[in-house]
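S.K.: no sequence on this one, just coordinates:
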């Protein structure tokens, strides 16, 4: 029965792959290109580990590489649940299958594909780099198999435990945020490579000594232990590596049983108590009354609930922190890099109506005069300031602390506030003049045919904002080069704050009449698909 179930599920996996490639020539070309690229990269990793044989810290590199590979298998199902149709066991709920045979069948199906082959090549390279005896080569074969089994079981366990989440709106949020995770990970890797380039691989040894006892890295650690003659340590590491998939399969089986026997909450009737108080609750009660508070609350809910808006905000928050802080940690940064946070967050003011999409008609029906448009824009700007002001202050203070240049803190804060005000002003104007639609599905942030509008809106606005900040920048330069000017650098904080507030109000007043007269054009632009 088990063998029959396993063969059927494996053939199902192959059929899904084959039928997917038959859909279009473009899809076949993309699959072949990505497969060749992945395998070439894996082959390069394999050759790199072979070249690492005999290095004093080859064991630390191999163990760490195995741990990172396992981490990738653990995290990727959360961001790409649609990459493998067999990751969703709810498709098999109506079939008369028992959990234990199904677990074995799905595990076998998981070993089919480019991902397992890529991992097999990398793990083989890790084992080759630390195997230096006949016994070690024999253990390496078992270690590679155990490590691959742990990686696949991790992916299956995490995917099954979170499948309800992955198929919900929050799951789509995770998919949208996957690009951010890759971007942040690339920055972290870049930072680590630079540190290793200056300090050598010896810095990895303490981490490797810990990870060699954590499955599946413990399997590669066992190969190294056999090579050095520590057979007792190697046996313990292999036991850990063998126990890990057993535990994971048990947890996976329980999750699978619960998933296939528990009703989906989305199909149940959500009873809402009659007469529920729909007035503001929580932090919303702190917002001002009238239209301004309503607009602020709506904008903040967009940030929390809309996947595209959330992705844009999280990306800006992360990059606005990474650039100044990482440069400060590397000793190559400047305190003025802290203004990058204000610039990244100020971009969120651009294309304010695009996030409404076709629902902008509801907003348009409430605007009958430039005054209404001004209050609408002001509410959106205030919602943005609720997040950006404290965050820009935090990043600037943190960067100053890392560099130890506290006398410069007031002037950098003043510059940040002035830049933020200028971007709010230009963002309000470009939102009315160059609106564009944001697709709700997929990873694109601009619909076809409107890319030019997006470029004009964002980059034109950024250049205009920099020009608007010219007086504050000139004042900063003058105080830094003039004799005795350092004593007055503190004045840049209130000056920059007042200048930013004034520029923002001026920008809102100039954008309001244009918004009120271009409502049909804005609705048409943001409704395109």
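M.R.: Right, received. Where do you want to start? None of the values given here were measured: they were computed from a predicted structure.
S.K.: use CA for all of it now, contacts and neighbours both
M.R.: OK.
S.K.: check contacts around residue 124.
M.R.: By Cα atoms under 8 Å, 6 or more residues apart in numbering, residue 124 lies in contact with 46, 144.
S.K.: return the distance of the helix or strand containing it from the chain's centre.
M.R.: Assigned by DSSP states H and E, residue 124 falls within helix 114-130. Centroid separation for helix 114-130 versus its chain: 26 Å, with Cα atoms, centre = their mean, to the nearest Å.
S.K.: what do you get for stretch 425-433?
M.R.: Mean-position distance between stretch 425-433 and its chain equals 28 Å (Cα atoms, centre = their mean).
S.K.: which stretches of the stretch 151-300 of the chain aren't confidently modelled?
M.R.: 163-202, 260, 262-284 (pLDDT under 70).
S.K.: which parts of it are helices?
M.R.: 163-166, 169-176, 178-199, 205-211, 217-227, 231-261, 290-305 (DSSP state H, counting those that start in this stretch).
S.K.: and what of the stretch 401-529 of the chain?
M.R.: Secondary structure of the stretch 401-529 of the chain by DSSP H, counting those that start in this stretch: the helices cover 409-433, 451-455, 461-468, 470-481, 492-517, 519-526.
S.K.: just these: most buried one?
M.R.: The highest mean neighbour count among these, using mean count of other Cα atoms under 10 Å, belongs to helix 409-433: a mean of 28.
S.K.: and that one, what's its mean pLDDT?
M.R.: In this model, helix 409-433 has a mean pLDDT of 90.
S.K.: list the contacts of residue 465.
M.R.: When contacts are counted by Cα under 8 Å, 6+ apart, residue 465 touches 419, 422-423, 425-426.
S.K.: mind putting the helices of the stretch 401-529 of the chain in a markdown table, distance to residue 43 included?
M.R.: Output for the helices of the stretch 401-529 of the chain, formatted as a markdown table (distance: least, Cα to Cα, whole Å):
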| stretch | distance to residue 43 |
| --- | --- |
| helix 409-433 | 47 |
| helix 451-455 | 38 |
| helix 461-468 | 43 |
| helix 470-481 | 51 |
| helix 492-517 | 54 |
| helix 519-526 | 46 |
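S.K.: which one of the ones you listed lies nearest to residue 160?
M.R.: Closest approach to residue 160 among the helices of the stretch 401-529 of the chain (Cα to Cα): helix 519-526, 37.8 Å.
S.K.: tell me what that closest one is packed against?
M.R.: Judged by 3 or more Cα pairs under 8 Å, 6 or more residues apart in numbering; DSSP states H and E, the packing partners of helix 519-526 are helix 360-364.
S.K.: mind listing what's buried along the helix it packs on?
M.R.: 360-361, 364 (16 or more other Cα atoms under 10 Å).
S.K.: let me see the residues that make contact with it.
M.R.: By Cα under 8 Å, 6+ apart, helix 360-364 touches 353, 519, 523, 526.
S.K.: so who does the spatially closest residue to the last one that is not a sequence neighbour touch?
M.R.: Spelled out, it's residue 526. What sits nearest to residue 526 in space, not counting adjacent residues and going by Cα to Cα, 6 or more residues apart in numbering, is residue 437, at 3.9 Å. Residue 437 makes contact with 354-355, 357, 446-447, 450, 525-529, according to Cα under 8 Å, 6+ apart.
S.K.: how far away from the center of its chain is the helix or strand containing residue 11?
M.R.: Using DSSP H and E, residue 11 maps to helix 2-21. For helix 2-21, the separation from the chain centroid amounts to 32 Å (computed by Cα atoms, centre = their mean).
S.K.: that helix - contacts with which helices or strands?
M.R.: By 3+ Cα pairs under 8 Å, 6+ apart, helix 2-21 packs against helix 25-51, helix 99-110.
S.K.: nearest to residue 133, out of the ones you listed?
M.R.: Among the helices and strands packed on helix 2-21, helix 25-51 comes nearest to residue 133, with 14.9 Å by Cα to Cα.
S.K.: now that closest one: buried residues?
M.R.: In helix 25-51, counting by 16+ other Cα under 10 Å, buried: 35, 38-39, 42-43, 45-47, 49-50.
S.K.: that helix: what's the following helix or strand?
M.R.: Downstream of helix 25-51, the first helix or strand assigned by DSSP H and E is helix 58-79.
S.K.: relative to helix 25-51, how tilted is that following helix?
M.R.: Helix 58-79 runs at 160 degrees relative to helix 25-51, counting by axes from the mean of the first three to the mean of the last three Cα atoms, to 10 degrees.
S.K.: tell me which other helices or strands helix 58-79 touches.
M.R.: Other elements packing on helix 58-79 under the criterion 3+ Cα pairs under 8 Å, 6+ apart are helix 114-130, helix 134-161, helix 169-176, helix 205-211, helix 217-227.
S.K.: run the chain-centre distance for that helix.
M.R.: The chain centre lies 18 Å from the centre of helix 58-79; the measure is Cα atoms, centre = their mean.
S.K.: then stretch 409-421?
M.R.: How far stretch 409-421 lies from its chain's middle: 28 Å, per Cα atoms, centre = their mean.
S.K.: tell me the mean pLDDT over stretch 74-94?
M.R.: For stretch 74-94, the mean pLDDT works out to 63.
S.K.: could you do stretch 484-492 as well?
M.R.: On average, stretch 484-492 scores 77.
S.K.: what residues are up against the residue lying closest to residue 522 once chain neighbours are set aside?
M.R.: Leaving aside its sequence neighbours, residue 522 sits nearest to residue 435 (Cα to Cα, 6+ apart; 6.1 Å). Residues in contact with residue 435 (Cα under 8 Å, 6+ apart) are 351-354, 453-454, 457, 522, 525-526.
S.K.: redo the helices and strands packed on helix 2-21 as TSV? Include mean pLDDT and distance to residue 398.
M.R.: As requested, the helices and strands packed on helix 2-21 are exported to TSV (pLDDT from 0 to 100; distance: least, Cα to Cα, whole Å):
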stretch	mean pLDDT	distance to residue 398
helix 25-51	83	37
helix 99-110	82	45
